[in-house]
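Asks: Predicted model, plus sequence, below.
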Amino acid sequence: MNSLIMLSFFSGASIPGSILVAAYFYYIRKEHRLKLNLLTALFIALSLRCSKSFLCYTLGMPEVGMSLGYLGLATIGPLLWLYLKYFDKTGIQNLLYNDYLHFLPAILGSSAILVFGRDFAIDLYFYTNYILLAYVVIVWSKIYLLNNENKNALGKWNMLLLGSITALCGIFLFQYHTDHLYYYTIGAALASITFYLLLFFAIKTPILFPVIRKKVNINPKVVEKVCHAIDADKIYRRPSLTLDQFSRELDCPSYQVSNAIKEKYQKSFSELINYMRIKDVVQELSNENKGYNKIEGLAYSAGFNTPSTFYAAFKKVTGMNPTEYQKKHFVK
């Protein structure tokens, strides 16, 4: 009896987790809708399979529990495969018609269990576990081929996802090859722990879905003003220049100036100012007869207020201090 209670506990523990992760993917993560929908469905399928014993024994719904558990088991493999298939297809928003055929056995089997009962379900579960194993092997082979072409194609999250599902597949097979309730309960506990570890990393990790940023409309007149002020007027030489001061000088809103700088120079305002100042210093260092005692004077002329900020900016831009840079590039 104790083993049965523990089995029901571990089996039912995945239910709130699946609700949590489904809500996270559906309401919080908005980008790349197809991949998120597949990932959400995959977690729900895992939860249905893991919660089978809870539905059967605790809630007293053996046929419904076996049917829903089978629906989850039979869709894990197809969902895993389709998730991998469309992982790097950012332009596709819907599955192809042929993709839905993968789910036909799950629907038919789940319906048949409601009609033919528990004994039929046990045999069906047994063979479907090996079908899941076949999907897992196919996905591993697909990953191996992708990794040979591009080692960064999948990332750590996808490897963790596949590794966890492989472990769950092994647990499910173990459960159906043991007749002892104690070992079956251990399998349910391990499955529940694996499931929640996967949930933890799913919420903690960005899941390698880059955020799709809306394209900002850039005013070409603002870009022209910014370029003239930087390249012709060399406004960056003014000490303590801020974005607000720069924007007032151009008579443009600061957000438009900031967007124009990012569009034209691919830098933030402060990065651009320091970069242009260092560029001026480097140009002066290339002249002959510019000794070490002149370097700080060059820094002040370029717009730096203190030697410390100059040296920090110089090293960030060039990767070395001014003396090293001068010796490497200009001293013969």
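Replies: On my side now, so go ahead.

Asks: all contacts plus neighbour counts: C-alpha atoms, from now on.
Replies: Noted.

Asks: and residue 295, what is it in contact with?
Replies: 281, 285, 322 (Cα atoms under 8 Å, 6 or more residues apart in numbering).

Asks: what about 10 Å?
Replies: The contact partners of residue 295, by Cα atoms under 10 Å, 6 or more residues apart in numbering, come to 281, 282, 284, 285, 301, 307, 310, 322, 323.

Asks: any idea which of those residues is closest to residue 38?
Replies: residue 310 (50.9 Å; Cα to Cα).

Asks: from memory that closest one sits against residue 296, does it?
Replies: Yes - if you go by Cα atoms under 10 Å, residue 310 and residue 296 touch, sitting 8.2 Å apart.

Asks: any common contacting residues for those two?
Replies: 281, 302, 304, 322.

Asks: Do you know the pLDDT at the closest residue to residue 272 other than its chain neighbours?
Replies: Nearest residue to residue 272 in three dimensions, chain neighbours excluded: residue 265, at 7.4 Å (Cα to Cα, 6 or more residues apart in numbering). Confidence at residue 265, expressed as pLDDT, is 89.

Asks: Relative to residue 230, how far out is residue 265?
Replies: Going from residue 265 to residue 230 by Cα to Cα, to the nearest Å gives 11 Å.

Asks: In terms of neighbours, single out the busier of those two.
Replies: Neighbour count, other Cα atoms under 10 Å: between residue 265 and residue 230, residue 230 has more, with 16 against 13.

Asks: Any regions of the stretch 151-300 of the chain where pLDDT drops low?
Replies: 151-155, 179-185, 187-188, 202-216, 287-293 (pLDDT under 70).

Asks: Let's test this: mean pLDDT of stretch 107-115, rounded?
Replies: 93.

Asks: how about that stretch: buried residues?
Replies: 107, 109, 110, 111, 113, 114 (16 or more other Cα atoms under 10 Å).

Asks: Need the residues touching each of residue 265 and residue 230.
Replies: In contact with both residue 265 and residue 230: residue 272, using Cα under 10 Å, 6+ apart.

Asks: Mark which of the shared contacts of residue 310 and residue 296 are part of helices, please.
Replies: Taking DSSP state H, the ones among the shared contacts of residue 310 and residue 296 that sit in helices are 281, 302, 322.

Asks: Now do the contacts for the second one.
Replies: Taking Cα under 10 Å, 6+ apart as the criterion, residue 302 is in contact with 234-239, 273-274, 276-281, 296, 310.

Asks: Pop the domain breakdown of the protein in here.
Replies: Per automatic domain parsing, the structural domains of the chain span 2-204, 228-249+270-329.

Asks: deepest of those domains, which one?
Replies: For the domains of the chain, the largest average neighbour count (mean count of other Cα atoms under 10 Å) is found in domain 2-204, namely a mean of 18.

Asks: Do a quick rundown of the strands in the stretch 201-332 of the chain.
Replies: Per DSSP state E, counting those that start in this stretch, the stretch 201-332 of the chain carries no strands over any range.

Asks: Which stretches in it count as helices?
Replies: Counting by DSSP state H, counting those that start in this stretch, the stretch 201-332 of the chain has helices at residues 220-227, 243-250, 254-265, 269-285, 295-302, 307-318, 322-329.

Asks: what's the closest of those to residue 37?
Replies: Going by Cα to Cα, the one of those nearest residue 37 is helix 254-265, 33.2 Å.

Asks: Output the contacting helices and strands for that closest one.
Replies: Here helix 254-265 touches helix 220-227, helix 243-250, helix 269-285, going by 3 or more Cα pairs under 10 Å, 6 or more residues apart in numbering; DSSP states H and E.

Asks: I'd like those helices laid out as JSON lines, including distance to residue 196.
Replies: What follows is the helices and strands packed on helix 254-265, written out as JSON lines (distance: least, Cα to Cα, whole Å):
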{"stretch": "helix 220-227", "distance to residue 196": "50"}
{"stretch": "helix 243-250", "distance to residue 196": "47"}
{"stretch": "helix 269-285", "distance to residue 196": "43"}
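
Asks: Can you tell me which of those helices is nearest to residue 85?
Replies: That would be helix 269-285 among those, by Cα to Cα, at 39.8 Å.

Asks: chain center to the closest one: distance?
Replies: 35 Å (Cα atoms, centre = their mean, to the nearest Å).

Asks: what angle sits between that helix and helix 322-329?
Replies: 60 degrees (axes from the mean of the first three to the mean of the last three Cα atoms, to 10 degrees).

Asks: what packs against helix 269-285?
Replies: Going by 3+ Cα pairs under 10 Å, 6+ apart, helix 269-285 lies up against helix 243-250, helix 254-265, helix 295-302, helix 307-318, helix 322-329.
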